[in-house]
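**Q** Below: sequence and its predicted model.
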Amino acid sequence: MGLAGKFYIDEWKARRNVALWMESLDPFKNDKYGGKTPEETFDLYLSALKKGDLELASRYFYPTKQEGELESLKEMRTNGELIGYIEELSSVKKEDWKKEEFNGQLTIKYDGYRSSTRTTEVVNDKLEVVRQKMQIGHFDNVAIFSQNNIIWKIYSL
């Protein structure tokens with residue numbers, strides 16, 4: 001084949017790789033769902049959840065995570081856990097966020113309070129099954145935000 005043939009094959013491979021890479025950016029190009037800050041994105045996400053718009057809420061996530069987030073939110077709604085999740089996120093005080101930037105992402109550690117989010121069955125001392133609300137209490141969590149163009153997206157929450 002020779003050097004000229006290898007050159008054209010290498011050039012073709014490079015052009016194909018660039019085209020595939022550009023195609024992979026399509027979900028990012030026209031994405032307008034997010035805030036100018038991580039705090040704003042968090043508020044938009046929480047607002048969509050409170051309105052019951054799970055589709056909109058999932059769009060505040062990183063594009064490759066949106067489908068999984070939507071399924072997770074639908075499952076929480078089906079299992080009756082969505083109200084507790086919203087209460088949990090509503091208890092977060094953004095002024096207490098501890099932020100760390102690493103590798104183009106912002107990791108935020110936050111505290112919140114989880115109240116009685118679910119009713120569970122337990123066996124009492126008379127061996128009877130009793131339903132009771134569980135008080136979970138204080139929790140700490142980590143959220144990861146990633147900047148997409150000029151907007152912030154939730155990568156993990």
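**A** In hand now; what should we look at? Numbers count the residues shown, from 1 in each chain.
**Q** Which residue ranges of the protein form helices?
**A** Secondary structure of the chain (DSSP state H): helices at 2-24, 26-29, 38-51, 54-58, 66-78, 82-90.
**Q** Least confident of those helices, on average?
**A** If those are sorted by mean pLDDT, helix 26-29 sits at the bottom with a mean of 58.
**Q** in this protein, which strand has the most residues?
**A** strand 137-148 (DSSP state E).
**Q** Sheet-wise, list the partners of it with their directions.
**A** Strand 137-148 has its sheet partners listed here by DSSP bridges as strand 105-114 (antiparallel), strand 151-156 (antiparallel).
**Q** If you average pLDDT over each of those, which is lowest?
**A** Of all those, mean pLDDT reaches its minimum on strand 105-114 (a mean of 77).
**Q** what's the angle between that one and helix 38-51?
**A** On the basis of axes from the mean of the first three to the mean of the last three C-alpha atoms, to 10 degrees, strand 105-114 is oriented at 50 degrees to helix 38-51.
**Q** burial of the closest residue to Tyr33 other than its chain neighbours, as a residue count?
**A** Counting by C-beta to C-beta, 6 or more residues apart in numbering, Arg59 is the residue found nearest to Tyr33 once chain neighbours are left out, at 3.9 Å. All C-beta atoms are positioned from the backbone trio N, CA, C, and that covers glycine. Arg59 has 21 neighbouring residues, counting by other C-beta atoms under 10 Å.
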